[in-house]
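>>> no sequence on this one, just coordinates:
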């Protein structure tokens, strides 16, 4: 059996696994990714990329590529309900001046006030190839049609057995850590016996992906979702490209003896025609995927040296667009922490803050998504402004919408940042504020000045903080870049300084994931000692250097399951 060694093994090659590989590469950490399917998703599934995820794509240099893939859905706005799609669109028209304006803004992709980028609509089958191409271009060993069939772990790392599904050949992979991004049914989660909590199954649905020319029907009145309920079906239309690709979610009830087998292709086609209100519509059924509208959250994000992310950690209904976005943001939070430990800058205790920070977010957004579901598991579409009122809980997350409280943040007095946090005013635990600046005649976001390591932003009179950072670098500390306002970047109106909440002699320490970790509003008695103490606390140990990052011994887990049932 062939044997190989990598820093991190990623199980699952969807948007979360691919994103994790890219975030690790950004941190200088190599990875192997295994995915049991032959290629990326051929089904649209997730349809939206929120503002925070677009910021992360911008950090990877992929935001333009992602937005280019979103053009087909850029004009899709409006959530409707009625007996058939044709009737609804005839009644709603273009939705009035507000929806016309939103459609225009969506096409232009204007930045949001608090961010250099805006959300966009990009389906999963369009997004995954962008991520895969970038991952392979940046050195990720991405192996598709390869499944995980066994895993053990000890005090040094994980030992995985993977099988090439084409040849049947097995290989052994030794990695310091593993990321389980293997989906809602996560074989790794089941093998490790990690429990879940939550409301469970809310409804059973069939996702009908089909091709039908509806371009003339929707032109100028492009919609996002349309709830359909009549004598023959209860379902939900979702636009995919506003011309000939669509999805219809159809609810069914197992208690009545209904199941996926109750929907042969010919019945699916008839249901699509019925939902559209066009009996003679030419329909090509591309796929029928059964799924459950579910709320389940993993009890523990970490199990030894295995970390869970995405649907493997949290399953929620798609209403609100939280699932894939939350998973990508999981991976971003985890990647820099793994890198800090692997590079010897942090104690492994830092890795425990992954669960501490991300689990509350998953619980909050899953609750929102669950509350938007009806008794069938479909999105509840209410009359008038009621749907807009329902969506109010989603809006904070379209840009940022969360903060962190953990040992990896030095909190200040006042409200504790957490899910739903929207004030971006430099408070520790929140994302560093965005302001537009100019450098070398080019307009840049303040977020563009943050690198893959820690960044210390100091005021115009913050030379003592700069000297302290230089001294720590000489102690083999974690990489710490310094940006001095006015010296390194012009800030004549002190916009960024005010946004960060620091004075001319103050400093703000920003984590590799863009979260403010600590700030000093002014100068102190000993900047070197203060910064040293803060960095030690944030990185989970009392001394800098590789010797401080030894992994404490943990239990040895022996897991083995032969065959494709243990697939990733």
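Right, received. Where do you want to start? These figures come from a predicted structure and were not determined experimentally. Numbers count the residues shown, from 1 in each chain.
>>> Going by secondary structure, residue 516 is in what exactly?
Here residue 516 is covered by strand 516-520, with elements defined by DSSP states H and E.
>>> Rounded mean pLDDT for whatever helix or strand comes next after that strand, please.
Next helix or strand after strand 516-520 toward the C-terminus (DSSP H and E): helix 527-539. Throughout helix 527-539, pLDDT has a mean value of 92.
>>> elements contacting helix 527-539?
In terms of contacts (3 or more Cβ pairs under 8 Å, 6 or more residues apart in numbering; DSSP states H and E), helix 527-539 is packed against helix 463-473, strand 507-510, strand 516-520. From N, CA and C alone the C-beta is placed, and that goes for glycine too.
>>> one more time with 6 Å
Packing partners of helix 527-539 (3 or more Cβ pairs under 6 Å, 6 or more residues apart in numbering; DSSP states H and E): helix 463-473.
>>> quick revisit: in its sheet, which strands sit next to the strand holding residue 516, and in what direction?
Take DSSP bridges as the rule and strand 516-520 pairs in its sheet with strand 507-510 (antiparallel).
>>> which residues are contacting the strand holding residue 516?
Residues from elsewhere that reach strand 516-520 (Cβ atoms under 6 Å, 6 or more residues apart in numbering): 409-410, 426, 428, 430, 432, 502, 506-511, 534, 538.
>>> and residue 509, what is it in contact with?
456, 517, 518.
>>> Just name the closest of these to residue 142, please.
Relative to residue 142, the closest of the contacts of residue 509 is residue 517; by Cβ to Cβ it sits at 32.0 Å.
>>> distance of that closest one from residue 341?
17 Å (Cβ to Cβ, to the nearest Å).
>>> Looking at those two now, which is surrounded by more residues?
residue 517 (25 against 22; other Cβ atoms under 10 Å).
>>> Show the model's pLDDT score for that one.
pLDDT, residue 517: 97.
>>> ok, now residue 297?
pLDDT at residue 297 comes out at 97.
>>> what about the residue nearest the centre of the chain, which SS state?
The residue lying closest to the centre of the chain (Cα atoms, centre = their mean) is residue 328, at 2.3 Å. With DSSP: H, G, I helix; E, B strand; the rest coil as the basis, residue 328 sits in helix.
>>> domain parsing for this protein?
2-73+119-196+295-398, 436-539 (automatic domain parsing).
>>> any idea which of the ones you listed is most buried?
Across the domains of the chain, averaging neighbours per residue (mean count of other Cβ atoms under 10 Å) puts domain 2-73+119-196+295-398 on top, at a mean of 21.
>>> so residue 210 is in which element?
strand 196-211.
>>> in whatever helix or strand comes next after that strand, what's buried?
Later in the chain than strand 196-211, the nearest helix or strand by DSSP H and E is helix 215-218. Using 16 or more other Cβ atoms under 10 Å as the test for burial, helix 215-218 gives 217, 218.
>>> Quick one: mean pLDDT over helix 215-218.
For helix 215-218, mean pLDDT rounds to 92.
>>> Identify the residues contacting the helix or strand following that helix?
Using DSSP H and E, the helix or strand that follows helix 215-218 in sequence is strand 225-229. Strand 225-229 has contacts (Cβ under 6 Å, 6+ apart) with 79, 80, 81, 85, 88, 235, 236, 237, 238, 275, 381.
>>> and what of stretch 338-355?
7, 27, 29, 177, 301-302, 333-334, 337, 406-408, 478, 539-541, 546, 548-549, 551.
>>> which residues in the stretch 401-550 of the chain form strands?
436-439, 442-445, 454-458, 480-484, 507-510, 516-520 (DSSP state E, counting those that start in this stretch).
>>> right, and the ones you listed - which one's nearest residue 247?
Using Cβ to Cβ, those put strand 442-445 closest to residue 247, at 34.6 Å.
>>> Return the distance of the closest one from the chain's centre.
With Cα atoms, centre = their mean, to the nearest Å as the basis, strand 442-445 stands 25 Å off its chain's centre.
>>> go on, stretch 213-225?
29 Å.
>>> Can you get me the start-to-end distance on that stretch?
17 Å (Cα to Cα, to the nearest Å).
>>> And stretch 294-314, by the same measure?
Start-to-end, stretch 294-314 (Cα to Cα) is 10 Å.
>>> any weak-confidence spans in the stretch 401-550 of the chain?
474-477, 542-550 (pLDDT under 70).
>>> hmm, 50 instead?
The stretch 401-550 of the chain contains residues with pLDDT under 50 at 543-550.
>>> One more: the chain?
107-109, 543-568.
>>> From residue 136, how far off is residue 316?
Distance from residue 316 to residue 136, by Cβ to Cβ: 30 Å.
>>> And residue 447, by the same measure?
27 Å.
>>> swap in residue 296?
In terms of Cβ to Cβ, residue 296 sits 32 Å off from residue 136.
>>> Now do the SS call for residue 251.
Per three-state DSSP, residue 251 ends up strand.
>>> Skipping adjacent residues, who's closest to it in space?
residue 376 (4.1 Å; Cβ to Cβ, 6 or more residues apart in numbering).
>>> same deal with residue 399?
Closest to residue 399 by Cβ to Cβ, 6+ apart is residue 51, at 4.0 Å.
>>> right, and that neighbour touches residue 398 too?
Yes. Look at residue 51 against residue 398 with Cβ atoms under 6 Å: they come within range, at 5.4 Å.
>>> Find residues that contact each of these two.
residue 119.
>>> need the helices for the stretch 251-400 of the chain, in chain order.
265-276, 323-342, 352-371, 386-391 (DSSP state H, counting those that start in this stretch).
>>> of all those, which lies closest to residue 482?
helix 323-342 (18.3 Å).
>>> Check the offset of the closest one from the chain's centre.
On Cα atoms, centre = their mean, the centre of helix 323-342 falls 9 Å from the chain's centre.
>>> can you give me the strands for the stretch 51-200 of the chain?
Under DSSP E, counting those that start in this stretch, the stretch 51-200 of the chain gives strands at 79-82, 120-121, 141-144, 146-153, 158-164, 170-180, 196-211.
>>> between those, which one is nearest to residue 250?
strand 196-211 (4.7 Å).
>>> Could I get the buried residue list for the closest one?
Quick answer for strand 196-211 (16+ other Cβ under 10 Å): 196, 198, 202, 203, 204, 205, 206, 207, 208, 209, 210, 211.
>>> What residues does residue 203 make contact with?
Residue 203 neighbours (Cβ under 6 Å, 6+ apart): 251, 293, 376, 377.
>>> Now distance to residue 226 too, for the strands of the stretch 401-550 of the chain, in TSV please.
Below are the strands of the stretch 401-550 of the chain laid out as TSV (distance: least, Cβ to Cβ, whole Å):
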stretch	distance to residue 226
strand 436-439	38
strand 442-445	36
strand 454-458	45
strand 480-484	48
strand 507-510	43
strand 516-520	41
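>>> Show me what residue 293 is bridged to.
residue 203.
>>> same question, the one 4 residues further on
Residue 297 has these beta-bridge partners by DSSP bridges: residue 197, residue 314.
>>> from memory it sits against residue 314, does it?
Yes. At 5.0 Å, residue 297 counts as touching residue 314 under the criterion of Cβ under 6 Å.
>>> Which neighbours do those two have in common?
362, 366.
>>> count of residues packed around residue 113?
Residue 113, neighbours per other Cβ under 10 Å, totals 8.
>>> Relative to residue 427, how far out is it?
Counting by Cβ to Cβ - residue 113 and residue 427 are separated by 18 Å.
>>> Likewise for residue 350?
Distance from residue 350 to residue 427, by Cβ to Cβ: 21 Å.
>>> Quick one: residues contacting the residue nearest to residue 399.
112, 115, 119, 398, 399.
>>> Could you check how far residue 295 is from residue 324?
Taking Cβ to Cβ, one finds residue 295 at 16 Å from residue 324.
>>> what do you get for residue 429?
Distance from residue 429 to residue 324, by Cβ to Cβ: 24 Å.
>>> With residue 143 instead?
In terms of Cβ to Cβ, residue 143 sits 22 Å off from residue 324.
>>> With residue 46 instead?
Residue 46 is 4 Å from residue 324, where distance means Cβ to Cβ.
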